[in-house]
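Asker: Build me a model from this:
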Amino acid sequence: MDATPRHLRAFLAVAETGGFGAAARRLGCGQSTVSALVRELEAIAGAALFRRTTRRVELTPAGAGFRPRAAALLADLSAALAGVRALAGPPALVVATVPLLAATLLPPAIASLRAAYPAVEVRLIEATAAGVLERVQDGSAELGVATFLPGAEAGLVARRVLSDHLALFVPRAHPLARVRAATWGDLAGEALVLPRDSALRPLIEAALSAAGLPQARPAFEAAHIATALALVSAGLCVAPLPTIAARLAGEAVAMKRLSRPLVRRDVLALHRPGAGAAAERLAALLAAQPG
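Answerer: As a prediction, the model looks like this:
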């Protein structure tokens, strides 16, 4: 196995934050993922890079020596990618986002951007929130739009482009479709579909726990919101999802306010300092859209 940029970013995040949990929050992924990447890098290097105790994580001499070289390697990669883009011809704005936002929030904003910057080619890449963050960090995307874990925006320019809350999506024939509003406690005993590999998942699990349902297990897990809505439409389950998902829901699905607790989430547009005018303009256009 060869070392990859993901290994280097995980190593540097732990070195800079002083812990695996803080590194995971910065990278927008789970702590187990960061731990696995560091273990793989140590196996590849044939040396321990961190000294782990119950209270702290610190670099070993080998890790301290490797740290500036790892940072230089990532910087060289970003510079190389920037050079390739500069030689590729007309300017291109690469935007990474999650599938839900690619299908709802981005298209009208991209259309407005093209009207203002007709020479700019926009390339849209779909990924998980962690993948979006990774692309912005390594320079393979100029702009990333998603809901991120707290701390993920460290070292980047962040702009809030949407603030919404989680609602309950149910089949039209479901008893909860007839109530004015639902609570998280109403989900006891319900078949749930929950998002997989999404920054929404911790928000949902925290709300379920606050409502006294910490052991709730989903009947289905879906990588895409459209899949979750299709399962709801078929009468198989109910789904706590962001209100913007209503733009993709068919007539067989009803959306109900979901409270106690009311779970809000922010969608951020992230870019590295010094991003071009097109990236900054698209972020502004996204923020100007109605919620």
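Asker: Tell me who's in contact with the nearest residue to H174 once chain neighbours are set aside.
Answerer: Nearest residue to H174, sequence neighbours excluded (Cβ to Cβ, 6 or more residues apart in numbering): V238, at 6.7 Å. (Each C-beta comes from the backbone N, C-alpha and C, glycine too.) By Cβ atoms under 8 Å, 6 or more residues apart in numbering, the contact list for V238 reads 168-171, 174, 176, 187, 190-193, 232.
Asker: Of the residues you listed, grab the buried ones for ChimeraX.
Answerer: Selection of buried members from these for ChimeraX, criterion 16 or more other Cβ atoms under 10 Å:
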select :168,169,170,171,174,176,187,190,192,193,232
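Asker: Quickly name whichever of the contacts of V238 is closest to P5.
Answerer: V193 (33.1 Å; Cβ to Cβ).
Asker: Which secondary structure state is assigned to that closest one?
Answerer: strand (DSSP: H, G, I helix; E, B strand; the rest coil).
Asker: quick one: it from A71, how far?
Answerer: Distance of V193 to A71, computed by Cβ to Cβ, to the nearest Å: 41 Å.
Asker: Kindly state the domain boundaries assigned to the chain.
Answerer: 5-85, 90-162+266-288, 164-265 (automatic domain parsing).
Asker: Can I take it that A254 is in a strand?
Answerer: Yes: looking at A254 with three-state DSSP, it is inside a strand.
Asker: Now do it: how many residues are near it, please.
Answerer: 21 (other Cβ atoms under 10 Å).
Asker: swap in L105?
Answerer: L105: 22 neighbours (other Cβ under 10 Å).
Asker: Can you read off the pLDDT for it?
Answerer: Note for L105: predicted pLDDT of 94.
Asker: Please report how far it lies from L268.
Answerer: In terms of Cβ to Cβ, L105 sits 12 Å off from L268.
Asker: which residues are in contact with both of the two?
Answerer: Common neighbours of L105 and L268 (Cβ under 8 Å, 6+ apart) are 145, 161.
Asker: With pLDDT and secondary structure added, can I get the contacts of V238 in a markdown table?
Answerer: Shown next, in a markdown table, are the contacts of V238 (pLDDT from 0 to 100; DSSP: H, G, I helix; E, B strand; the rest coil):
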| residue | pLDDT | secondary structure |
| --- | --- | --- |
| L168 | 97 | strand |
| F169 | 98 | strand |
| V170 | 97 | strand |
| P171 | 97 | strand |
| H174 | 96 | coil |
| L176 | 96 | helix |
| L187 | 95 | helix |
| E190 | 94 | coil |
| A191 | 95 | coil |
| L192 | 96 | strand |
| V193 | 96 | strand |
| V232 | 97 | helix |
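Asker: For T54, state which of the contacts of V238 is nearest.
Answerer: When the contacts of V238 are compared against T54 (criterion: Cβ to Cβ), the nearest one is L192, at 36.1 Å.
Asker: If that closest one is in a bridge, with which residues?
Answerer: Taking DSSP bridges as the rule, L192 bridges to V238.
Asker: and the closest residue to A47 other than its chain neighbours, how far is that from F50?
Answerer: Among residues not flanking A47 along the chain, A62 sits closest, at 4.3 Å (Cβ to Cβ, 6+ apart). As judged by Cβ to Cβ, A62 and F50 stand 10 Å apart.
Asker: Neighbour count: the two, which is higher?
Answerer: F50 (19 against 15).
Asker: where's the helix of greatest length in the chain relative to the chain centroid, distance-wise?
Answerer: Ranked by residue count, the top helix of the chain under DSSP state H comes out as helix 61-87. How far helix 61-87 lies from its chain's middle: 24 Å, per Cα atoms, centre = their mean, to the nearest Å.
Asker: For it, list every residue counted as buried.
Answerer: For helix 61-87, the buried set under the neighbour-count rule, 16+ other Cβ under 10 Å, comprises 63, 66-67, 70, 74, 78.
Asker: Just say helix, strand or coil for T33.
Answerer: T33, by the three-state scheme (three-state DSSP), is helix.
Asker: Do a quick rundown of the strands in the stretch 151-291 of the chain.
Answerer: Ranges of strands in the stretch 151-291 of the chain, per DSSP state E, counting those that start in this stretch, are 157-171, 181-183, 193-195, 220-222, 239-242, 253-259, 264-271.
Asker: any idea of the angle the longest one forms with strand 264-271?
Answerer: So the one you mean is strand 157-171. 140 degrees (axes from the mean of the first three to the mean of the last three Cα atoms, to 10 degrees).
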